[in-house]
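Peer 1: give me a model of this one.
(2 chains)
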Amino acid sequence: MSIGLARLREEPDRIRQGAIDKGEDPSIIDAALALEGKRRDLLGESGLLKAERNAASKQIGEAIRGGAAPSGPEVAALRQASTDAGAQIEKLDAELAATEAQLEELMLRIPNPADPDVPVGDASANQTVRTWGELLPRDATADGETWTRRPHWEVGESLRMFDLERGAKITGSGFPVYTGYGSRLQRALIDFMLDIHTSEHGMTEIWPPALVNSASARGTGQIPDKEDLMYVVPRDDLYLVPTAEVPVTNLHRDEIFEADQLPLRYAAYSPCFRREAGAAGKDTRGILRVHQFDKVEMVFFEKPEASAEALEWLTGRAEVILQRLGLAYRVLLMATKDMGFVQAKKYDLEVWAPGVERWLEVSSCSNFRDYQARRMAIRYRPEPGAKPELVHTLNGSGLALARTVAAILETYQQPDGSLVVPEVLRPYMRTDQIRA
RNA sequence: GGAGAGGUCGCCUAGUGGCCUAGGGCGCCGCACUGGAAAUGCGGUAUGGCGCAAGCCAUCGAGGGUUCAAAUCCCUCCCUCUCCGCCA
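Peer 2: Residues are numbered from 1 along each chain as shown, chains lettered A, B, ... in the order given. Got it, this is the predicted structure:
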């Protein structure tokens, strides 16, 4: 994950301002520039010496083939020259390796600068771009009677759609067990979302592994920075995926596309595992913040010039799901200090949960530009035979299930305690109403 | 998990310490020939880095080692294939 040395050299001011806007330390940019200069000097010196050594070694070979005694004085002199160069090279390369390690460490701490149209500031600078649907109040009126919507955990328990206590028993807190129609609703939502994204949005469906190796975890930046967020299987050096973004983006690690292969757009279901260490309290009640949930994720590989528009389209595809489900939501354009270190631009989709009268984040749609692609070496040829350039990567949830389920339970509950099934899910649920 | 065989350029393959600056074939691109094409011939066809450039450096699954010199020898690991064992 890095802005790249070329860009560091070419537009340090933009990078510096980008760091300031995101609340990061801008002095790292100057430290990195200094190290980059040192790296280039060392590289030049070491390269020259290696050329000398290679030449000497070659001469030894030629001399021996030409009849010189392998242990004779002529060969010994050449051998000495090569050995001497080798000793210097060893020193230089050690210094070079140390310099590069320091430089890389600094580069990892330089954030991806936000796009120019992103508001500068903290969460209070986030912009509500649009709102869709009717924001139902908790206290509703039906047939002249008023009734109060219940929070989703009460609805779910009473309709026996999930069992949080037994989930805690068999695994731990934050591992919900879905039961009966609750279980079927999981399948229905996954199926519905993937159907829309593939049949209507033209994405390619992926069913990825739920565990990845350390190279993949490093590729999308989960390690080293976010290692605490993941469940780790140290015995096999594997990581449980926190999102399908990790395996799906890594599909094309170290690959070079031809221009006509882009864009590549994937929709992937996966379970998601997050330690969420320390999280507890009223914000985590029910299934709002759990250690295991399910999600359909969209992952795009785009040509650089198309990525800005692709982010708008991607966000729109997530909105389609919410609209078809009939859930009210709003779209937030995240400000520089609230958007994350690696994103260039990010929209959050928040669904309205009338039972708790809160907005719940169900999707986060981001354009990483070339920041992610650089670390993973995902490139394409703009023209046949041309030099490869980095692609742009984007991803967004479409959607995360647990909170979507919460919004459905709170939106579609009836005064009599039953739940009306959203119309688009009825073919999948094979019922239009769920009763206690 | 055990035994064995492998991993070289987009694909196939040659390569048992120095003539490897990695050869050949296929594919692809360009040019020639052609009315146009096929066939044929000639040339070109990895990635990253450094350099104004000429060019140089690195990379033969990954990492380490031996050596003046490693695709080639040694060690560790990964992956693929075959057989055996185990198993949804």
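Peer 1: low-scoring stretches of chain A, by residue?
Peer 2: Segments of chain A classed as low confidence (criterion: pLDDT under 70) are A:1, A:277-284.
Peer 1: I'd like the distance between the residue most central in space within it and residue A:216.
Peer 2: The centroid of chain A falls nearest to residue A:245 when counting by Cα atoms, centre = their mean (5.0 Å). Taking Cβ to Cβ, to the nearest Å as the measure, residue A:245 falls 11 Å from residue A:216. Every C-beta, even on glycine, is put in place using the N, C-alpha and C of the backbone.
Peer 1: got it, and residue A:59?
Peer 2: 46 Å.
Peer 1: who has more neighbours out of the two?
Peer 2: residue A:216 (22 against 19; other Cβ atoms under 10 Å).
Peer 1: check contacts around the more buried one.
Peer 2: By Cβ atoms under 8 Å, 6 or more residues apart in numbering, the contact set of residue A:216 is A:239, A:246-247, A:250, A:253.
Peer 1: show me which residues of chain A sit near RNA strand B.
Peer 2: A:5-6, A:40, A:43-44, A:46-48, A:50-51, A:53-58, A:60-61, A:64-65, A:70, A:79, A:82-83, A:86, A:256, A:379, A:381, A:384-385, A:387-388 (Cβ under 7 Å from any atom of the strand).
Peer 1: of the contacts of residue A:216, which is the most crowded?
Peer 2: Of these, residue A:246 is surrounded by the most neighbours, 28 neighbours in total, counting by other Cβ under 10 Å.
Peer 1: may I have the phi/psi pair for that residue?
Peer 2: Phi and psi for residue A:246, reported as degrees, to the nearest 10, are phi -70, psi -60.
Peer 1: mind listing the strands for the stretch 301-436 of chain A?
Peer 2: With DSSP state E, counting those that start in this stretch as the criterion, the stretch 301-436 of chain A has strands at A:329-333, A:345-353, A:358-369, A:379-381, A:389-390, A:392-400, A:419-420, A:433-434.
Peer 1: no, scratch that, I was asking about the stretch 51-200 of chain A
Peer 2: Going by DSSP E, counting those that start in this stretch, the stretch 51-200 of chain A shows strands at A:127-132, A:139-142, A:145-148, A:162-163, A:177-178.
Peer 1: export the third one as CSV, just CAs?
Peer 2: Put plainly, it is strand A:145-148. Extracted C-alpha coordinates of strand A:145-148, given in CSV (Å, rounded to 0.1, in the frame of the first residue of the first chain):
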residue,chain,number,x,y,z
GLU,A,145,-54.1,3.1,17.2
THR,A,146,-50.5,4.0,18.0
TRP,A,147,-47.9,1.4,18.5
THR,A,148,-44.2,1.4,19.1
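Peer 1: excluding sequence neighbours, find me the nearest residue to residue A:344.
Peer 2: Of all residues not flanking residue A:344 in the chain, residue A:369 sits nearest, at 4.5 Å (Cβ to Cβ, 6 or more residues apart in numbering).
Peer 1: I'd guessed that neighbour sits against residue A:392; true?
Peer 2: Yes: checked against Cβ atoms under 8 Å, the pair residue A:369 and residue A:392 is within contact range at 5.2 Å.
Peer 1: anything in contact with each of those two?
Peer 2: A:304, A:307.
Peer 1: got a list of what residue A:8 touches?
Peer 2: Contacts for residue A:8 were tallied using Cβ under 8 Å, 6+ apart; they are A:15, A:29, A:32-33, A:36, A:107, A:110.
Peer 1: try it again with 6 Å
Peer 2: By Cβ atoms under 6 Å, 6 or more residues apart in numbering, the contact set of residue A:8 is empty.
Peer 1: any idea how far the longest helix belonging to chain A is from the chain center?
Peer 2: Across chain A, the longest stretch assigned as helix under DSSP state H is helix A:27-65. Once both centres are worked out by Cα atoms, centre = their mean, to the nearest Å, helix A:27-65 turns out to sit 37 Å from its chain's centre.
Peer 1: with stretch A:92-110 instead?
Peer 2: Here stretch A:92-110 is found 25 Å from its chain centre; the criterion is Cα atoms, centre = their mean.
Peer 1: could you find the closest non-adjacent residue to residue A:174?
Peer 2: Nearest-residue entry for residue A:174: residue A:291, 3.8 Å, with adjacent residues in sequence omitted and distances by Cβ to Cβ, 6+ apart.
Peer 1: on that earlier part again, most tightly packed of the strands of the stretch 51-200 of chain A?
Peer 2: strand A:162-163 (a mean of 23; mean count of other Cβ atoms under 10 Å).
Peer 1: burial count for residue A:232?
Peer 2: Neighbour tally, residue A:232, other Cβ under 10 Å: 17.
Peer 1: so how far is RNA strand B from it?
Peer 2: Between residue A:232 and RNA strand B the computed distance is 17 Å (Cβ to the nearest atom of the strand, to the nearest Å).
Peer 1: need the contact list for that residue.
Peer 2: residue A:239.
Peer 1: please apply the same query to residue A:403.
Peer 2: The neighbours of residue A:403, taking Cβ under 6 Å, 6+ apart as the test, are A:360, A:362.
Peer 1: what's the residue nearest to residue A:274 when sequence neighbours are not counted sitting at in phi/psi?
Peer 2: Closest residue in space to residue A:274, ignoring its immediate chain neighbours: residue A:242 at 5.1 Å, by Cβ to Cβ, 6+ apart. Main-chain torsions, residue A:242, degrees, to the nearest 10: phi -80, psi -10.
Peer 1: show me what contacts residue A:242?
Peer 2: Counted by Cβ under 6 Å, 6+ apart, residue A:242 has contacts A:229-230, A:272, A:274.
Peer 1: now with 7 Å?
Peer 2: Residues near residue A:242 by Cβ atoms under 7 Å, 6 or more residues apart in numbering: A:222, A:229-230, A:272-274.
Peer 1: which of the residues you listed are buried?
Peer 2: A:222, A:230, A:272-274 (16 or more other Cβ atoms under 10 Å).
Peer 1: need those residues in a markdown table (columns: secondary structure).
Peer 2: A markdown table is the format used below for the buried ones among the contacts of residue A:242 (DSSP: H, G, I helix; E, B strand; the rest coil):
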| residue | secondary structure |
| --- | --- |
| A:222 | coil |
| A:230 | coil |
| A:272 | strand |
| A:273 | strand |
| A:274 | coil |
